[in-house]
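# With the input below, show me the fold.
(4 chains)
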Number of protein chains: 2
Amino acid sequence: MATRTDAPTRREQILKEAARLFAERGFHGVGVDEIGAAVGISGPGLYRHFAGKDAMLAELLVGISESLLRGAKRRLEEAEGVAPGAVLDSLIEGHIDFALDDRPLITLHDRELDRLRDADRKLVRQLQRQYVELWVGVVRRHYPDLPEPAARSAVHSVFGLLNSTPHLTRPGSLPDRAGTAELLHRMARGAFAAAARS
Amino acid sequence: MATRTDAPTRREQILKEAARLFAERGFHGVGVDEIGAAVGISGPGLYRHFAGKDAMLAELLVGISESLLRGAKRRLEEAEGVAPGAVLDSLIEGHIDFALDDRPLITLHDRELDRLRDADRKLVRQLQRQYVELWVGVVRRHYPDLPEPAARSAVHSVFGLLNSTPHLTRPGSLPDRAGTAELLHRMARGAFAAAARS
DNA sequence: CAGGGAGGTTAGCGGTCGTTAACCTGAAGG
DNA sequence: CCTTCAGGTTAACGACCGCTAACCTCCCTG
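Numbers count the residues shown, from 1 in each chain, chains lettered A, B, ... in the order given. The predicted structure is shown next:
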(Lines give C-alpha, C1' and ligand atoms only; values in the text may rest on other atoms or scores of the structure.)
Protein backbone atom coordinates (compact mmCIF):
# COMPACT_ATOMS: atom_id res chain seq x y z
CA MET A 1 0.00 0.00 0.00
CA ALA A 2 1.62 3.21 -1.17
CA THR A 3 1.12 5.56 1.74
CA ARG A 4 0.74 8.74 -0.26
CA THR A 5 3.30 11.44 0.25
CA ASP A 6 2.18 13.67 -2.63
CA ALA A 7 0.23 16.82 -1.94
CA PRO A 8 -3.56 16.48 -1.69
CA THR A 9 -5.50 17.52 -4.74
CA ARG A 10 -7.86 20.45 -4.65
CA ARG A 11 -10.81 18.08 -4.68
CA GLU A 12 -9.46 16.35 -1.59
CA GLN A 13 -8.89 19.64 0.19
CA ILE A 14 -12.46 20.64 -0.52
CA LEU A 15 -13.86 17.33 0.69
CA LYS A 16 -11.87 17.51 3.89
CA GLU A 17 -12.96 21.05 4.75
CA ALA A 18 -16.54 20.36 3.73
CA ALA A 19 -16.60 17.35 6.03
CA ARG A 20 -15.35 19.42 8.92
CA LEU A 21 -17.86 22.20 8.33
CA PHE A 22 -20.80 19.85 7.77
CA ALA A 23 -19.96 18.03 11.00
CA GLU A 24 -19.67 21.29 12.92
CA ARG A 25 -22.76 23.09 11.74
CA GLY A 26 -24.84 20.63 9.79
CA PHE A 27 -25.30 20.30 6.05
CA HIS A 28 -27.91 23.04 5.78
CA GLY A 29 -25.96 25.28 8.15
CA VAL A 30 -22.97 25.67 5.87
CA GLY A 31 -22.94 27.80 2.74
CA VAL A 32 -20.91 27.11 -0.36
CA ASP A 33 -19.09 30.41 0.16
CA GLU A 34 -17.81 29.14 3.51
CA ILE A 35 -16.56 25.91 2.02
CA GLY A 36 -14.81 27.82 -0.72
CA ALA A 37 -13.25 30.24 1.75
CA ALA A 38 -11.93 27.29 3.78
CA VAL A 39 -9.78 26.23 0.82
CA GLY A 40 -8.93 29.74 -0.36
CA ILE A 41 -11.26 30.10 -3.31
CA SER A 42 -14.68 31.66 -3.54
CA GLY A 43 -18.03 29.90 -3.53
CA PRO A 44 -18.82 29.37 -7.19
CA GLY A 45 -15.27 28.19 -7.80
CA LEU A 46 -16.29 24.92 -6.19
CA TYR A 47 -18.42 24.13 -9.19
CA ARG A 48 -15.27 23.45 -11.22
CA HIS A 49 -14.79 20.39 -9.00
CA PHE A 50 -18.26 19.28 -7.93
CA ALA A 51 -21.68 19.31 -9.52
CA GLY A 52 -23.13 20.92 -6.41
CA LYS A 53 -23.26 20.94 -2.65
CA ASP A 54 -25.24 17.71 -2.60
CA ALA A 55 -22.55 15.98 -4.62
CA MET A 56 -19.93 16.80 -1.99
CA LEU A 57 -22.00 15.26 0.78
CA ALA A 58 -22.78 12.25 -1.36
CA GLU A 59 -19.13 11.64 -2.16
CA LEU A 60 -18.23 11.97 1.51
CA LEU A 61 -20.87 9.56 2.76
CA VAL A 62 -20.36 6.98 0.05
CA GLY A 63 -16.61 7.21 0.62
CA ILE A 64 -16.91 6.62 4.37
CA SER A 65 -19.29 3.72 3.99
CA GLU A 66 -17.12 2.06 1.35
CA SER A 67 -13.99 2.61 3.38
CA LEU A 68 -15.48 1.12 6.53
CA LEU A 69 -16.83 -1.89 4.69
CA ARG A 70 -13.62 -2.46 2.74
CA GLY A 71 -11.51 -2.32 5.90
CA ALA A 72 -13.81 -4.74 7.70
CA LYS A 73 -13.76 -7.20 4.80
CA ARG A 74 -9.99 -7.07 4.67
CA ARG A 75 -9.69 -7.73 8.39
CA LEU A 76 -12.12 -10.61 8.12
CA GLU A 77 -10.08 -12.23 5.33
CA GLU A 78 -6.76 -11.70 7.04
CA ALA A 79 -8.11 -13.42 10.13
CA GLU A 80 -9.03 -16.62 8.33
CA GLY A 81 -8.94 -19.45 10.80
CA VAL A 82 -7.99 -17.53 13.92
CA ALA A 83 -10.20 -17.43 16.99
CA PRO A 84 -13.45 -15.50 16.46
CA GLY A 85 -12.62 -13.35 19.45
CA ALA A 86 -9.51 -12.11 17.67
CA VAL A 87 -11.54 -11.19 14.57
CA LEU A 88 -13.92 -9.22 16.73
CA ASP A 89 -10.96 -7.44 18.31
CA SER A 90 -9.68 -6.56 14.87
CA LEU A 91 -13.03 -5.12 13.79
CA ILE A 92 -13.24 -3.06 16.96
CA GLU A 93 -9.72 -1.79 16.46
CA GLY A 94 -10.46 -0.75 12.90
CA HIS A 95 -13.61 1.08 13.86
CA ILE A 96 -11.85 2.89 16.70
CA ASP A 97 -9.03 3.97 14.40
CA PHE A 98 -11.60 5.40 12.05
CA ALA A 99 -13.54 7.15 14.79
CA LEU A 100 -10.40 8.69 16.25
CA ASP A 101 -8.74 9.69 12.98
CA ASP A 102 -11.73 10.82 10.93
CA ARG A 103 -14.02 12.30 13.48
CA PRO A 104 -15.96 14.62 11.17
CA LEU A 105 -16.70 11.74 8.82
CA ILE A 106 -17.93 9.50 11.62
CA THR A 107 -20.20 12.31 12.74
CA LEU A 108 -21.63 12.88 9.28
CA HIS A 109 -22.03 9.18 8.78
CA ASP A 110 -25.05 8.81 11.05
CA ARG A 111 -26.27 12.37 11.06
CA GLU A 112 -26.69 13.68 7.53
CA LEU A 113 -27.72 10.56 5.70
CA ASP A 114 -31.23 11.84 5.08
CA ARG A 115 -30.01 14.86 3.12
CA LEU A 116 -28.93 12.66 0.21
CA ARG A 117 -30.69 12.11 -3.07
CA ASP A 118 -32.65 8.87 -3.15
CA ALA A 119 -30.15 6.91 -5.20
CA ASP A 120 -27.18 7.91 -3.08
CA ARG A 121 -29.04 7.30 0.15
CA LYS A 122 -29.99 3.82 -0.97
CA LEU A 123 -26.39 3.05 -1.81
CA VAL A 124 -25.05 4.33 1.50
CA ARG A 125 -27.69 2.46 3.45
CA GLN A 126 -26.85 -0.72 1.63
CA LEU A 127 -23.15 -0.35 2.41
CA GLN A 128 -23.94 0.41 6.05
CA ARG A 129 -26.18 -2.62 6.24
CA GLN A 130 -23.45 -4.86 4.85
CA TYR A 131 -21.04 -3.47 7.43
CA VAL A 132 -23.46 -4.17 10.25
CA GLU A 133 -24.24 -7.67 9.03
CA LEU A 134 -20.54 -8.45 8.81
CA TRP A 135 -20.18 -7.47 12.46
CA VAL A 136 -23.29 -9.43 13.42
CA GLY A 137 -21.81 -12.54 11.83
CA VAL A 138 -18.56 -12.20 13.74
CA VAL A 139 -20.34 -11.49 17.02
CA ARG A 140 -22.57 -14.51 16.63
CA ARG A 141 -19.66 -16.75 15.82
CA HIS A 142 -18.05 -15.64 19.07
CA TYR A 143 -21.28 -15.75 21.10
CA PRO A 144 -23.36 -18.50 19.49
CA ASP A 145 -26.09 -18.29 22.11
CA LEU A 146 -26.85 -14.64 21.39
CA PRO A 147 -29.96 -14.45 19.19
CA GLU A 148 -29.57 -12.58 15.95
CA PRO A 149 -31.89 -9.63 16.72
CA ALA A 150 -30.13 -9.07 20.03
CA ALA A 151 -26.76 -9.31 18.30
CA ARG A 152 -27.82 -6.68 15.75
CA SER A 153 -29.05 -4.35 18.48
CA ALA A 154 -25.81 -4.91 20.37
CA VAL A 155 -23.73 -4.04 17.31
CA HIS A 156 -25.66 -0.82 16.78
CA SER A 157 -25.22 0.08 20.42
CA VAL A 158 -21.50 -0.59 20.35
CA PHE A 159 -21.26 1.66 17.29
CA GLY A 160 -22.92 4.33 19.39
CA LEU A 161 -20.36 3.75 22.09
CA LEU A 162 -17.39 3.89 19.72
CA ASN A 163 -18.75 6.85 17.76
CA SER A 164 -19.09 8.88 20.94
CA THR A 165 -15.46 9.98 20.64
CA PRO A 166 -16.28 13.24 18.87
CA HIS A 167 -18.03 14.31 22.06
CA LEU A 168 -14.93 13.76 24.15
CA THR A 169 -12.32 16.53 24.29
CA ARG A 170 -13.92 19.28 22.30
CA PRO A 171 -11.29 21.31 20.48
CA GLY A 172 -7.74 19.98 20.69
CA SER A 173 -6.99 16.47 19.64
CA LEU A 174 -7.31 13.80 22.28
CA PRO A 175 -4.90 13.93 25.20
CA ASP A 176 -3.85 10.30 24.98
CA ARG A 177 -4.85 8.55 21.80
CA ALA A 178 -3.54 5.14 22.77
CA GLY A 179 -5.19 5.25 26.17
CA THR A 180 -8.51 6.37 24.75
CA ALA A 181 -8.42 3.67 22.11
CA GLU A 182 -7.68 1.01 24.68
CA LEU A 183 -10.44 2.18 27.00
CA LEU A 184 -12.97 2.18 24.18
CA HIS A 185 -11.84 -1.27 23.09
CA ARG A 186 -12.25 -2.71 26.56
CA MET A 187 -15.69 -1.15 26.95
CA ALA A 188 -16.87 -2.47 23.61
CA ARG A 189 -15.75 -5.97 24.53
CA GLY A 190 -17.39 -5.67 27.92
CA ALA A 191 -20.62 -4.51 26.34
CA PHE A 192 -20.71 -7.46 23.94
CA ALA A 193 -19.89 -9.92 26.70
CA ALA A 194 -22.67 -8.49 28.85
CA ALA A 195 -25.11 -8.68 25.94
CA ALA A 196 -24.27 -12.35 25.56
CA ARG A 197 -24.86 -13.13 29.25
CA SER A 198 -28.56 -13.70 28.79
CA MET B 1 -47.07 12.99 40.85
CA ALA B 2 -50.23 13.97 38.98
CA THR B 3 -49.90 12.09 35.72
CA ARG B 4 -51.66 14.61 33.52
CA THR B 5 -54.76 13.45 31.76
CA ASP B 6 -55.80 16.83 30.35
CA ALA B 7 -55.25 17.62 26.69
CA PRO B 8 -51.86 19.05 25.69
CA THR B 9 -51.75 22.77 25.15
CA ARG B 10 -51.04 24.22 21.74
CA ARG B 11 -47.54 25.17 22.89
CA GLU B 12 -46.87 21.58 23.85
CA GLN B 13 -48.17 20.27 20.55
CA ILE B 14 -45.88 22.66 18.72
CA LEU B 15 -42.86 21.68 20.78
CA LYS B 16 -43.49 18.01 20.24
CA GLU B 17 -43.84 18.31 16.48
CA ALA B 18 -40.90 20.69 16.22
CA ALA B 19 -38.75 18.21 18.13
CA ARG B 20 -39.72 15.44 15.75
CA LEU B 21 -39.04 17.52 12.66
CA PHE B 22 -35.76 18.94 13.95
CA ALA B 23 -34.57 15.44 14.79
CA GLU B 24 -35.58 14.12 11.37
CA ARG B 25 -34.19 16.81 9.14
CA GLY B 26 -32.04 19.10 11.27
CA PHE B 27 -32.82 22.54 12.63
CA HIS B 28 -31.93 24.38 9.43
CA GLY B 29 -33.68 21.76 7.34
CA VAL B 30 -37.14 22.52 8.71
CA GLY B 31 -39.17 25.61 7.85
CA VAL B 32 -41.63 27.30 10.14
CA ASP B 33 -44.40 26.57 7.65
CA GLU B 34 -43.76 22.85 8.10
CA ILE B 35 -43.89 23.09 11.86
CA GLY B 36 -47.12 25.01 11.63
CA ALA B 37 -48.61 22.52 9.20
CA ALA B 38 -47.74 19.69 11.59
CA VAL B 39 -50.09 21.16 14.20
CA GLY B 40 -52.72 22.35 11.75
CA ILE B 41 -51.97 26.05 11.62
CA SER B 42 -49.91 28.03 9.18
CA GLY B 43 -46.34 29.21 9.65
CA PRO B 44 -46.71 32.72 11.04
CA GLY B 45 -49.34 31.49 13.48
CA LEU B 46 -46.51 30.01 15.51
CA TYR B 47 -45.41 33.49 16.48
CA ARG B 48 -48.43 33.77 18.79
CA HIS B 49 -46.74 31.11 20.94
CA PHE B 50 -42.99 31.53 20.44
CA ALA B 51 -40.72 34.47 19.79
CA GLY B 52 -39.14 32.63 16.88
CA LYS B 53 -37.76 29.38 15.58
CA ASP B 54 -34.67 29.72 17.78
CA ALA B 55 -36.86 30.03 20.86
CA MET B 56 -38.48 26.67 20.14
CA LEU B 57 -35.14 24.91 19.90
CA ALA B 58 -33.91 26.67 23.03
CA GLU B 59 -36.95 25.65 25.03
CA LEU B 60 -36.60 22.07 23.84
CA LEU B 61 -32.92 21.76 24.69
CA VAL B 62 -33.14 23.51 28.04
CA GLY B 63 -36.16 21.39 28.87
CA ILE B 64 -34.40 18.12 28.08
CA SER B 65 -31.28 19.05 30.00
CA GLU B 66 -33.24 20.15 33.04
CA SER B 67 -35.41 17.08 32.93
CA LEU B 68 -32.46 14.72 32.74
CA LEU B 69 -30.66 16.45 35.56
CA ARG B 70 -33.74 16.68 37.75
CA GLY B 71 -34.48 13.00 37.31
CA ALA B 72 -30.91 12.02 38.10
CA LYS B 73 -30.85 14.17 41.25
CA ARG B 74 -34.10 12.64 42.43
CA ARG B 75 -32.82 9.12 41.89
CA LEU B 76 -29.64 9.96 43.71
CA GLU B 77 -31.56 11.26 46.73
CA GLU B 78 -34.00 8.37 46.81
CA ALA B 79 -31.07 5.95 46.89
CA GLU B 80 -29.53 7.43 49.99
CA GLY B 81 -27.55 4.74 51.74
CA VAL B 82 -28.12 1.90 49.32
CA ALA B 83 -25.30 0.17 47.49
CA PRO B 84 -23.60 2.38 44.90
CA GLY B 85 -24.23 -0.27 42.29
CA ALA B 86 -27.95 0.14 42.80
CA VAL B 87 -27.70 3.90 42.33
CA LEU B 88 -25.86 3.36 39.08
CA ASP B 89 -28.57 0.95 37.98
CA SER B 90 -31.16 3.58 38.77
CA LEU B 91 -29.36 6.23 36.71
CA ILE B 92 -29.02 3.84 33.79
CA GLU B 93 -32.69 2.94 34.01
CA GLY B 94 -33.71 6.59 33.99
CA HIS B 95 -31.56 7.42 31.00
CA ILE B 96 -32.87 4.42 29.07
CA ASP B 97 -36.46 5.39 29.79
CA PHE B 98 -35.73 8.82 28.44
CA ALA B 99 -33.95 7.52 25.35
CA LEU B 100 -36.76 5.11 24.56
CA ASP B 101 -39.67 7.43 25.30
CA ASP B 102 -38.37 10.74 23.95
CA ARG B 103 -36.22 9.71 21.05
CA PRO B 104 -36.39 12.97 19.10
CA LEU B 105 -35.30 14.91 22.17
CA ILE B 106 -32.34 12.62 22.82
CA THR B 107 -31.30 13.09 19.23
CA LEU B 108 -31.52 16.86 19.38
CA HIS B 109 -29.74 16.90 22.68
CA ASP B 110 -26.32 16.17 21.26
CA ARG B 111 -26.85 17.29 17.69
CA GLU B 112 -28.26 20.79 17.54
CA LEU B 113 -26.65 22.36 20.58
CA ASP B 114 -24.52 24.68 18.48
CA ARG B 115 -27.54 26.34 16.85
CA LEU B 116 -28.43 28.07 20.12
CA ARG B 117 -27.86 31.66 21.09
CA ASP B 118 -24.83 32.10 23.33
CA ALA B 119 -26.74 32.48 26.57
CA ASP B 120 -28.93 29.44 25.99
CA ARG B 121 -26.03 27.33 24.84
CA LYS B 122 -24.08 28.16 27.98
CA LEU B 123 -27.04 27.19 30.13
CA VAL B 124 -27.59 23.89 28.35
CA ARG B 125 -23.91 23.03 28.48
CA GLN B 126 -23.82 23.75 32.19
CA LEU B 127 -26.81 21.49 32.81
CA GLN B 128 -25.27 18.75 30.70
CA ARG B 129 -22.00 19.08 32.59
CA GLN B 130 -23.78 18.74 35.92
CA TYR B 131 -25.54 15.64 34.65
CA VAL B 132 -22.26 14.10 33.53
CA GLU B 133 -20.50 14.94 36.78
CA LEU B 134 -23.31 13.40 38.77
CA TRP B 135 -22.82 10.17 36.84
CA VAL B 136 -19.05 10.37 37.23
CA GLY B 137 -19.45 10.63 41.00
CA VAL B 138 -21.67 7.57 41.16
CA VAL B 139 -19.41 5.57 38.88
CA ARG B 140 -16.35 6.39 40.92
CA ARG B 141 -18.10 5.46 44.13
CA HIS B 142 -18.83 2.07 42.63
CA TYR B 143 -15.39 1.66 40.99
CA PRO B 144 -12.98 3.56 43.28
CA ASP B 145 -9.92 2.47 41.31
CA LEU B 146 -11.12 4.02 38.06
CA PRO B 147 -9.34 7.37 37.57
CA GLU B 148 -11.57 10.38 37.09
CA PRO B 149 -10.68 11.17 33.46
CA ALA B 150 -11.29 7.57 32.48
CA ALA B 151 -14.57 7.59 34.37
CA ARG B 152 -15.67 10.69 32.53
CA SER B 153 -14.76 9.19 29.16
CA ALA B 154 -16.58 6.02 30.13
CA VAL B 155 -19.72 7.97 31.05
CA HIS B 156 -19.71 9.80 27.72
CA SER B 157 -19.24 6.52 25.88
CA VAL B 158 -22.08 4.86 27.75
CA PHE B 159 -24.29 7.81 26.83
CA GLY B 160 -23.35 7.11 23.23
CA LEU B 161 -24.36 3.50 23.72
CA LEU B 162 -27.69 4.32 25.37
CA ASN B 163 -28.50 7.11 22.93
CA SER B 164 -28.03 4.78 19.99
CA THR B 165 -31.64 3.62 20.32
CA PRO B 166 -32.96 6.08 17.74
CA HIS B 167 -30.92 4.19 15.16
CA LEU B 168 -32.58 0.90 15.99
CA THR B 169 -35.92 0.10 14.40
CA ARG B 170 -36.44 3.01 12.07
CA PRO B 171 -40.11 3.86 11.76
CA GLY B 172 -42.43 1.92 14.04
CA SER B 173 -41.93 1.88 17.75
CA LEU B 174 -39.61 -0.76 19.12
CA PRO B 175 -40.72 -4.35 18.88
CA ASP B 176 -40.02 -5.20 22.50
CA ARG B 177 -39.47 -2.26 24.74
CA ALA B 178 -38.75 -4.23 27.89
CA GLY B 179 -36.30 -6.50 26.13
CA THR B 180 -34.49 -3.62 24.49
CA ALA B 181 -34.27 -1.76 27.78
CA GLU B 182 -32.87 -4.77 29.55
CA LEU B 183 -30.28 -5.43 26.84
CA LEU B 184 -29.12 -1.83 26.91
CA HIS B 185 -28.93 -1.91 30.68
CA ARG B 186 -26.81 -5.03 30.71
CA MET B 187 -24.48 -3.64 28.05
CA ALA B 188 -24.03 -0.36 29.91
CA ARG B 189 -23.13 -2.21 33.07
CA GLY B 190 -20.76 -4.46 31.18
CA ALA B 191 -19.09 -1.47 29.57
CA PHE B 192 -18.53 0.23 32.93
CA ALA B 193 -17.22 -2.96 34.49
CA ALA B 194 -14.82 -3.42 31.60
CA ALA B 195 -13.66 0.18 31.89
CA ALA B 196 -12.87 -0.42 35.56
CA ARG B 197 -10.83 -3.55 34.85
CA SER B 198 -7.63 -1.65 34.29
C1' DC C 1 -74.61 43.57 24.37
C1' DA C 2 -70.46 46.12 23.78
C1' DG C 3 -65.58 45.23 23.61
C1' DG C 4 -61.31 43.27 23.95
C1' DG C 5 -57.96 39.89 23.82
C1' DA C 6 -56.41 35.21 22.22
C1' DG C 7 -55.30 32.99 18.27
C1' DG C 8 -55.70 32.60 13.81
C1' DT C 9 -55.26 34.30 8.54
C1' DT C 10 -52.77 36.17 4.05
C1' DA C 11 -49.51 39.40 1.84
C1' DG C 12 -45.21 40.78 1.58
C1' DC C 13 -40.44 42.39 2.88
C1' DG C 14 -35.51 41.70 3.33
C1' DG C 15 -31.91 38.67 3.43
C1' DT C 16 -29.59 34.51 2.28
C1' DC C 17 -28.51 30.58 -0.48
C1' DG C 18 -27.40 27.45 -4.41
C1' DT C 19 -26.44 27.92 -8.91
C1' DT C 20 -25.40 29.86 -13.54
C1' DA C 21 -23.36 33.15 -16.84
C1' DA C 22 -19.81 35.64 -18.54
C1' DC C 23 -15.34 36.78 -18.24
C1' DC C 24 -10.26 36.48 -17.01
C1' DT C 25 -5.53 34.40 -16.55
C1' DG C 26 -1.48 31.73 -16.54
C1' DA C 27 0.78 27.66 -18.06
C1' DA C 28 1.37 23.85 -21.35
C1' DG C 29 1.88 22.22 -26.23
C1' DG C 30 2.39 22.20 -31.14
C1' DC D 1 3.67 32.67 -30.89
C1' DC D 2 -0.80 31.40 -30.90
C1' DT D 3 -4.21 28.31 -28.95
C1' DT D 4 -6.41 25.89 -25.51
C1' DC D 5 -7.98 24.76 -21.33
C1' DA D 6 -8.08 24.12 -16.33
C1' DG D 7 -9.29 26.76 -12.72
C1' DG D 8 -10.33 30.80 -11.08
C1' DT D 9 -13.15 35.54 -10.72
C1' DT D 10 -17.53 38.72 -10.02
C1' DA D 11 -22.42 39.71 -11.02
C1' DA D 12 -26.71 38.35 -10.80
C1' DC D 13 -30.95 35.46 -10.78
C1' DG D 14 -34.58 32.90 -8.74
C1' DA D 15 -36.13 30.48 -4.92
C1' DC D 16 -36.79 30.10 -0.26
C1' DC D 17 -37.01 31.37 4.52
C1' DG D 18 -37.80 33.79 8.94
C1' DC D 19 -40.44 37.24 10.39
C1' DT D 20 -43.67 41.36 10.53
C1' DA D 21 -47.87 43.87 9.32
C1' DA D 22 -52.47 44.18 8.85
C1' DC D 23 -56.59 42.17 9.30
C1' DC D 24 -60.25 38.87 10.81
C1' DT D 25 -63.12 36.06 14.06
C1' DC D 26 -64.61 33.88 17.89
C1' DC D 27 -65.41 33.68 22.86
C1' DC D 28 -65.34 35.41 27.30
C1' DT D 29 -66.66 38.89 30.50
C1' DG D 30 -68.39 43.18 32.87
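
# Count the neighbours of the residue of chain A found nearest DNA strand D for me.
The nearest approach of chain A to DNA strand D comes at residue A:45, 3.1 Å away (Cβ to the nearest atom of the strand). Any C-beta I mention is one placed from the backbone N, CA and C, and that applies to glycine too. The local packing of residue A:45 (other Cβ atoms under 10 Å in any protein chain shown) involves 16 other residues.

# what residues are up against residue A:78?
By Cβ atoms under 8 Å, 6 or more residues apart in numbering or on different chains, residue A:78 lies in contact with residue A:90.

# now the helices for chain A?
Assigned by DSSP state H, chain A shows helices spanning A:10-25, A:32-38, A:53-78, A:84-101, A:103-109, A:118-142, A:148-162, A:177-196.

# Any residues of chain A in contact with DNA strand C? List them.
Within chain A, the positions near DNA strand C by Cβ under 7 Å from any atom of the strand are A:28, A:30, A:31, A:32, A:33, A:43, A:44, A:47, A:52, A:53, A:54.

# Excluding covalently adjacent residues, which one is nearest to the residue of chain A closest to DNA strand D?
residue A:36 (5.6 Å; Cβ to Cβ, 6 or more residues apart in numbering or on different chains).

# Surely that neighbour touches residue A:43?
Yes. Assessed by Cβ atoms under 8 Å, residue A:36 is found in contact with residue A:43 at 4.5 Å.

# Those two: who's more crowded?
Between residue A:36 and residue A:43, counting by other Cβ under 10 Å, residue A:36 is the more crowded of the two (19 against 14).

# Could you report the separation of residue A:14 from chain B?
21 Å (Cβ to the nearest Cβ, to the nearest Å).

# Just list the residues touching the spatially most central residue of chain A, thanks.
Chain A has residue A:106 as the residue nearest its centroid, 4.0 Å off, counting by Cα atoms, centre = their mean. Taking Cβ under 8 Å, 6+ apart, we find residue A:106 in contact with A:64, A:98, A:99, A:163, A:165, A:166.

# how deep is residue A:198 tucked in, by neighbour count?
11.

# what do you get for residue A:142?
Look at residue A:142: counted by other Cβ under 10 Å, it has 19 neighbours.

# pLDDT below threshold where in chain A?
A:1-6, A:169-174 (pLDDT under 70).

# Write out the residues of it neighbouring DNA strand D.
Neighbours of DNA strand D within chain A, by Cβ under 7 Å from any atom of the strand: A:10, A:36, A:40, A:41, A:42, A:43, A:44, A:45, A:48, A:49.
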